[in-house]
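Colleague: 3D model of this:
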Amino acid sequence: NGEVSIAAGTNADELVLTTPGTFIVSRPAGALATNYDLTVTYAASGSAVAGSNYVALTGSVVIPAGAASATIEVYPLRTKDGDHTVIVTLTGDAYKISSTSNTASITIKTLTAPDGYNTWIAPGTGAADPAVATNWSKGTVPVTTDNIFVDGRFSQASMTWSSTMASTVASWTQSADYTG
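Modeller: Residues are numbered from 1 along each chain as shown. All right, here's what the predicted structure looks like:
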């Protein structure tokens, strides 16, 4: 039908920052339609904020000569402030845009602390006080019955266990990527 369209590919996840969410922009696969590069412009919207929840998009994607589609990649940024949507709507007047497939949406899933643990989530990379409740996923300073989880995906802030805190906890799990 000669129309350019867009479809949601995959959602993004703050847990894996190196794997983008995707949108697929397509054009007809007819013999003449794919002889040339086609630059397709788009606008991004949604609850996700460019530069805050995801790496800002360029506003255009090139479908190369010989190809019927191209991918828009949405790289998430770690915010831990809830799921967000990215909506991409095709724009431009150099090509016909599908009236039924001109917009698509993906979700950026937030990084969620594992159930059953009080996870170290202190912001920043410098020293942080483990005796401050907001530095922990449960919103409370660890107690003797807590299972503690320390993982670099949640925080790179360093800590020194305070003598005013519980001297023992139920368990301590620390991932190899935590260097704080």
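Colleague: Is it correct that residue 74 is in contact with residue 22?
Modeller: Yes: checked against Cβ atoms under 8 Å, the pair residue 74 and residue 22 is within contact range at 7.0 Å. (Each C-beta comes from the backbone N, C-alpha and C, glycine too.)
Colleague: between the two, what contacts are shared?
Modeller: Taking Cβ atoms under 8 Å, 6 or more residues apart in numbering as the criterion, residue 74 and residue 22 both touch residue 106.
Colleague: out of the two, which sits in the more crowded spot?
Modeller: Per other Cβ atoms under 10 Å, whichever of residue 74 and residue 22 has more neighbours is residue 74, with 25 against 17.
Colleague: Look up the closest residue to the residue positioned nearest the centre of the chain, ignoring the ones flanking it.
Modeller: Centroid-nearest residue in the chain: residue 76, 2.5 Å away (criterion: Cα atoms, centre = their mean). In space, residue 76 comes closest to residue 12 once its chain neighbours are excluded; the distance is 4.2 Å by Cβ to Cβ, 6 or more residues apart in numbering.
Colleague: can you pull up the bridge partners for that neighbour?
Modeller: residue 108 (DSSP bridges).
Colleague: Tell me, how many residues neighbour it?
Modeller: By the measure other Cβ under 10 Å, the count of residues near residue 12 is 25.
Colleague: Doesn't residue 134 belong to a helix?
Modeller: Yes: judged by DSSP: H, G, I helix; E, B strand; the rest coil, residue 134 forms part of a helix.
Colleague: which ones are touching the closest residue to residue 14 other than its chain neighbours?
Modeller: Spatially, and ignoring its direct neighbours in sequence, residue 14 is nearest to residue 111 (3.8 Å; Cβ to Cβ, 6+ apart). Taking Cβ under 8 Å, 6+ apart, we find residue 111 in contact with 13-15, 78, 80, 153-154.
Colleague: at 7 Å what do you get?
Modeller: Taking Cβ atoms under 7 Å, 6 or more residues apart in numbering, we find residue 111 in contact with 14-15, 78, 80, 153-154.
Colleague: how near is it to residue 163?
Modeller: In this view, residue 111 and residue 163 are 31 Å apart by Cβ to Cβ, to the nearest Å.
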